[in-house]
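> attaching a predicted model along with its sequence, questions to come.
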Amino acid sequence: MLRDERGSVMLLGIGLSIAALMIVTLAVNISSVWVARHALDSVADGCALAAAQAVDTGAIYRQGVTHVVPLDQNLARRYVANYLAAGGVRSRFTDLKVRSVHVYQGRVRVEVQALAPMPFGYLLGRMRPVIVSAASAVDIAG
Amino acid sequence: MKIPKNETGNVSLEFIAVVVALLIPLTFIAGAVSSVVKTNLAQEAAARAGARAFVVAPTSQLAYFRARAVIATVLSDYGIQSSQVASTISCSQKPCFMRGGVVTVTIKRNFTVPVLGHWLNRHVLVTGSQSVMVNGANS
């Protein structure tokens, strides 16, 4: 049994304050990352829709119109770049990058990444998570 | 075990201290954060649906009408009136329906965060936005 318990309330207060701050920081950071991830999903979706318009006209002339419209990989990359430049999308994210634009059998898959916004990121030092999102699209004839 | 006389009631005091100092503020902060996140998700979803409705419309007149109708419908699904938000539809090219053009739907809301009931309300500008390239088949 302790004889002298002076100061226990102070310690409790400091401990609780630190715990409360940590919980609030974590909640705000996680919410922020989650919202940004959702917004990045929309960007990936828009990129995929833009890339799905990169019709490979040469392939259509050679093979005729097929159910799944053939897409051109280089044109798809250009469309994605145009989309990001014209829509003012880059200004909404930090260090937004296109990881890959891949065309395979008429389907295009676009993967984008950005740095996650962290309102209390300074607590993590130099660690700053990267959020990645991907979307696919296909252009169907008819 | 001998209990000191001068510590009578400490448990209840500390419990009150914990509730007042930690749980009540945390509850309000959690509520405020979730409200902001919810309204942000609603606006993102509405902007996304509105932009998609715009670019697949056959004419520009119908596009504006359909986009606004879709935005109002999606927002109402989340319990938000369309009069509570300011939605803008902008195009990277004029007229909007040009191949390669990008249409951006932005929805802004001056959201009142409910902190401690109506005593300490705070206003936060929440923005949801989506850009979609105009469909080549429509241009």
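Received, thanks. Numbers count the residues shown, from 1 in each chain, chains lettered A, B, ... in the order given.

> what's stretch A:91-110 in contact with?
The contact list for stretch A:91-110 (CB atoms under 8 Å, 6 or more residues apart in numbering or on different chains) reads A:36, A:39-40, A:43-44, A:47-48, A:51-52, A:54, A:66, A:68-73, A:76-77, A:80-81, A:84, A:89-90, A:111-115, A:117, A:132, A:134-139, B:129. Using the backbone N, CA and C atoms, a C-beta is placed for each residue, glycine as well.

> what packs against the host helix or strand of residue B:67?
Under the criterion of DSSP states H and E, residue B:67 resides in helix B:60-77. Here helix B:60-77 touches helix B:24-55, strand B:86-91, strand B:102-113, going by 3 or more CB pairs under 8 Å, 6 or more residues apart in numbering or on different chains; DSSP states H and E.

> mean confidence score for it?
Mean per-residue pLDDT for helix B:60-77: 92.

> what's the end-to-end length of stretch B:69-84?
For stretch B:69-84, the first-to-last residue distance is 15 Å (CA to CA, to the nearest Å).

> and that stretch, which residues are buried?
Going by neighbour count (16 or more other CB atoms under 10 Å in any protein chain shown), the buried part of stretch B:69-84 is B:70-72, B:74-75, B:80, B:82.

> closest residue of chain B to chain A?
residue B:131 (3.0 Å; CB to the nearest CB).

> could you check the pLDDT of that residue?
pLDDT, residue B:131: 90.

> what about stretch A:46-55, how long is it end to end?
16 Å.

> quick revisit: okay, the angle between the helix holding residue B:67 and strand B:102-113?
30 degrees (axes from the mean of the first three to the mean of the last three CA atoms, to 10 degrees).

> the host helix or strand of residue A:41 vs helix B:24-55, what angle?
Here residue A:41, judged by DSSP H and E, is contained in helix A:8-51. For helix A:8-51 against helix B:24-55, the angle by the same axes, to 10 degrees is 10 degrees.

> mind giving me the packing neighbours of helix A:8-51?
Against helix A:8-51 (3+ CB pairs under 8 Å, 6+ apart) you get helix A:73-86, strand A:94-104, strand A:107-115, strand A:130-138, helix B:10-18, helix B:24-55, strand B:122-133.

> could you give the backbone dihedrals for the nearest residue to residue A:68 once chain neighbours are set aside?
Spatial nearest neighbour of residue A:68, chain neighbours left out: residue A:106 (3.6 Å); criterion: CB to CB, 6 or more residues apart in numbering or on different chains. Main-chain torsions, residue A:106, degrees, to the nearest 10: phi 80, psi 0.

> residues from chain B in reach of chain A?
Residues of chain B lying close to chain A by CB under 8 Å from any CB of the partner chain are B:1-2, B:4, B:7, B:14, B:17-18, B:21-22, B:25-26, B:29-30, B:33-34, B:36-37, B:40-41, B:44, B:47-48, B:51, B:92, B:100-102, B:104, B:129-133, B:135-136.
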